[in-house]
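Visitor: Quick one: sequence and predicted model below, then my questions.
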Amino acid sequence: MALGVGLLTLICLSWTPFAMILGVVLPESRAKHIGRAAIRTGFRILLRLLAIFCGCRFDLQEVKEFGRRREPMVVVANHPSLFDAIVLVSCLPNAVCVMKAGLMHNLLLGAGARMARYIVNDSPLPMIRSAIHELRDGACLVIFPEGTRTNTPPVSPCSATAGVIAARAGVPVQALMIEMSSNYLGKQWPMWRPPRLPLTVRVRRGQRFDAIQQPQHFGREIELYFREHLSAAPLNSAQRN
Ligand SMILES: CCCCCCCCCCCCCCCC(=O)OC[C@@H](O)COP(=O)(O)O
């Protein structure tokens with residue numbers, strides 16, 4: 001897996017100089033679309049390489065099929081691992097992530113995320129405004145309602161933000177369930193500890209919430225939904241293949 005981390009670093013660092021320049025010289029609309037397409041392509045290549053060289057297996061059929069529709073909507077997912085955003089963004093065209101502000105200053109991710117106009121979650125009102133703006137422009141907004149990797153499997157308390165944004169923008173919320181064969185790169189997993197191989201990552205498509213009546217209660221609603229549809233245990237060996 002050291003090879004996998006190396007590949008991620010290489011892909012991100014190769015894109016960073018281009019993102020730094022193109023993010024400034026291109027008009028905003030072109031920059032963000034090219035930036036999002038580059039991230040998607042880069043991460044698709046990364047997943048392919050992880051599957052070939054690092055013993056990873058990705059079962060992403062359901063999310064890929066869903067991504068082909070290219071509808072503006074809010075996508076919410078549980079957040080077991082640092083892998084999650086990479087996996088989702090590789091399958092969803094025109095994806096915009098709501099992310100921790102600190103990551104925007106990260107050497108590997110910052111320039112690419114800024115060019116793609118990813119949205120930071122440090123102040124709620126600007127975040128909601130930017131998110132609605134991107135949805136009206138046709139984006140697929142990716143939010144991890146737990147706000148951080150899962151502390152208490154299968155899911156930690158969720159915020160209502162995704163529901164509030166979707167209701168105000170007049171778009172649905174689609175739930176996705178991420179399951180892994182181990183808690184690799186989860187909250188309690190030391191960075192240096194390798195996973196047991198093969199490492200399987202599966203994303204299932206869950207409920208679509210079309211009209212959210214009480215957006216302020218969406219945090220509790222989505223938490224209960226995930227709790228009901230996710231197992232606290234990692235994917236078992238029967239499900240892995
Ligand atoms: C092809 C070149 C790629 C260039 C870089 C592109 C930048 C992509 C940035 C993806 C960042 C997505 C962030 C997802 C949401 C988020 O911010 O989750 C936080 C967690 O995960 C880690 O938080 P924590 O568990 O608290 O450590």
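Guide: Okay, I see it. Please read all numbers here as calculations on a predicted model, not as lab measurements.

Visitor: where does the protein have low pLDDT?
Guide: The chain contains residues with pLDDT under 70 at 236-241.

Visitor: Can you name the residues of it sitting close to the ligand?
Guide: For the chain, the residues in contact with the ligand (C-beta under 6 Å from any ligand atom) are 11-12, 15, 38-39, 42, 82, 85, 97, 99-100, 103, 109, 112-113, 144, 148-149, 187. Just so you know, the C-beta spots here come from the backbone N, C-alpha and C atoms, and that holds for glycine as well.

Visitor: List buried residues within those.
Guide: Buried subset of these (neighbour count, 16 or more other C-beta atoms under 10 Å): 11-12, 15, 38-39, 42, 85, 97, 99, 103, 109, 112-113, 144, 149, 187.

Visitor: Could you look up the SS state of Tyr184?
Guide: Following DSSP: H, G, I helix; E, B strand; the rest coil, the label given to Tyr184 is coil.

Visitor: ok, it touching Asp84?
Guide: No - counting by C-beta atoms under 8 Å, Asp84 is not a contact partner of Tyr184; they are 11.3 Å apart.

Visitor: returning to what we had before: just the ones of the buried ones among the residues of the chain next to the ligand in strands?
Guide: Among these, the ones falling in strands (DSSP state E) are 97, 99.

Visitor: Of the buried ones among the residues of the chain next to the ligand, which belong to helices?
Guide: 11-12, 15, 38-39, 42, 85, 112-113 (DSSP state H).

Visitor: Tell me where the longest strand sits in the chain.
Guide: strand 199-209.

Visitor: Sort out which residues of it are buried, please.
Guide: Buried residues in strand 199-209, defined by neighbour count with 16+ other C-beta under 10 Å: 199-204, 206, 209.

Visitor: so what strands line up beside it?
Guide: strand 56-59 (parallel), strand 173-180 (antiparallel) (DSSP bridges).

Visitor: Mind giving me the packing neighbours of the helix or strand following that strand?
Guide: Following strand 199-209 in sequence order, the next helix or strand is helix 218-229 (DSSP states H and E). Applying 3 or more C-beta pairs under 8 Å, 6 or more residues apart in numbering; DSSP states H and E, we find helix 218-229 packed against helix 161-169, strand 173-180, strand 199-209.
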